[in-house]
Structure formats: C-alpha cells, structure tokens
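**Q** Prediction below, plus the sequence it came from.
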Amino acid sequence: MKACAPVPSIEIVKSLDGAPVQQPDGSWLVLYTITVSNDGGADGLYDLTDRLRYGAGITVRSATVTSTPTGVAASSGWTGQGADGAAENVIVAGATLPAGATHTYTVQVRAEVDTDAADDTTFSCPAPGSGEPGGFANTAGVAHNGLGDSADACAAPENPAAPPAPPTVDDPDTGAGGAGQGTNRPPSLPSTGVTIGLVAVAALLLLLGAVALAARRRAAR
C-alpha cells in the first residue's frame, strides 16, 4: 500500500491595519494586511489577488503594495481596480510558499470621497462574502493546485451629513444619561438669600434689645 504524498494547504487572511485615517487634505488613508499561510506538509505555489470594491463616490487616488515577503516582488500592473478576475487585481503569480511558512503583504490606499456622488454604499460595508461594493471594502484571494480561498476586509468613512450624536446628560433621579434633561451641570444649591436676611434681622433685634436693657439698668441706678 502506497502512502499518500504530502500536499500544501494554503489559506488567506485579510485585515485592516488600523482604522482609516482622514488626511489634512480631506482624503483617506487605508492600510490592509494580507497573510498567506501554508499549514500543509509540502511546499506550494500560489497566485494572490486583491480587489478594491469601494462604494459610490469613492475614488482611488493611489493604491500600492508597500511590503512583500523576502524574495517576492509585487506585480507592477496591480491597481486593485479591475473587474472580478482581471489582471489588474493580481499581486503575484506563482509564488512559492514552503510548508509551515507564512507570507505577509501590506497594501496602502489613498482615496477621496465625493459626497455629491455618494449613496447608501458609500458610508456602509457590504455583507461579508457578498462581493458587493461599499465603504472601503476589499477582497483578497489566493489560488493554488486548482483550489481557492478568499478573505474580506472593510471599513467605512464617516458620513459628514450624519446628525451628531445627542449629548450625554444626567438624570436628576438616577444619575443615568437620558434625553431631554439639558446638558451636564453640577447639582443646584438651595437658595440662601431669604435665610441670610432673616438671620440679619434677628441679630439686629437682639442688639437693639441688649441696648435697651442696658439703658434701663443705668436709669434704675
């Protein structure tokens, strides 16, 4: 009985490298990390693709593969903006991944958001695996030995037209935040004007009484 030869098993993971950051000029900087791993028992060859699926009104100003594994060069023709299956989405073809090894790639995108051309897809992410556009959605794919795997990552830019969140306020009874209570403020103090006035009048009366009593004593002598 012949033993089965070891085979590669290549998988892919895609993630955002932090939240998108809006730049001083209004554009957005988005960083992605792609991780390709081989947990099989043999070396394998793979093709890597990465496709940007941005929402309406979002224009890619630049897209660059900023880091690759040692000995692996990214395709100069990659833009990430081709149709599904287009050559513009191919980062590498025929890369060798040893058994038990991992390859990591970093992708940097600068994009602009035109709010006049925006719709529901601009400021929200599509359902994972749907292949639909939305926000800063991105799909990376790996193919090897006739098999394939893919992974999505997405974040959405802030919607400047969205109403601001209501301020947090303190409920006078429970201390919990609630609507319609105004803004945060220190507890009010009781009014003391009337109390101080009454004390002053009482003190004056006592003083006058003491003066009158002293005068009577002197007259009695």
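**A** Good, I have the coordinates. Not measured: the values here are computed from a predicted model. Numbering: from 1, shown residues only.

**Q** switch to C-alpha atoms for all contacts and neighbour counts from now on
**A** Will do.

**Q** low pLDDT regions in this protein?
**A** Residues of the chain that meet the criterion pLDDT under 70 lie in 1-3, 162-221.

**Q** What ranges does this protein have for its strands?
**A** 10-16, 21-22, 28-38, 44-54, 58-67, 90-97, 102-113, 136-144, 147-153 (DSSP state E).

**Q** so can I have TSV of the ones you listed showing mean neighbour count and distance to Cys4?
**A** Converted to TSV, these look like this (neighbours: other Cα atoms under 10 Å; distance: least, Cα to Cα, whole Å):
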stretch	mean neighbour count	distance to Cys4
strand 10-16	21	18
strand 21-22	15	50
strand 28-38	20	18
strand 44-54	22	16
strand 58-67	16	36
strand 90-97	19	20
strand 102-113	18	24
strand 136-144	23	19
strand 147-153	17	19
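
**Q** Format these as JSON lines; extra columns: distance to Gln81.
**A** What follows is the strands of the chain, written out as JSON lines (distance: least, Cα to Cα, whole Å):
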{"stretch": "strand 10-16", "distance to Gln81": "17"}
{"stretch": "strand 21-22", "distance to Gln81": "21"}
{"stretch": "strand 28-38", "distance to Gln81": "15"}
{"stretch": "strand 44-54", "distance to Gln81": "6"}
{"stretch": "strand 58-67", "distance to Gln81": "9"}
{"stretch": "strand 90-97", "distance to Gln81": "10"}
{"stretch": "strand 102-113", "distance to Gln81": "11"}
{"stretch": "strand 136-144", "distance to Gln81": "10"}
{"stretch": "strand 147-153", "distance to Gln81": "15"}
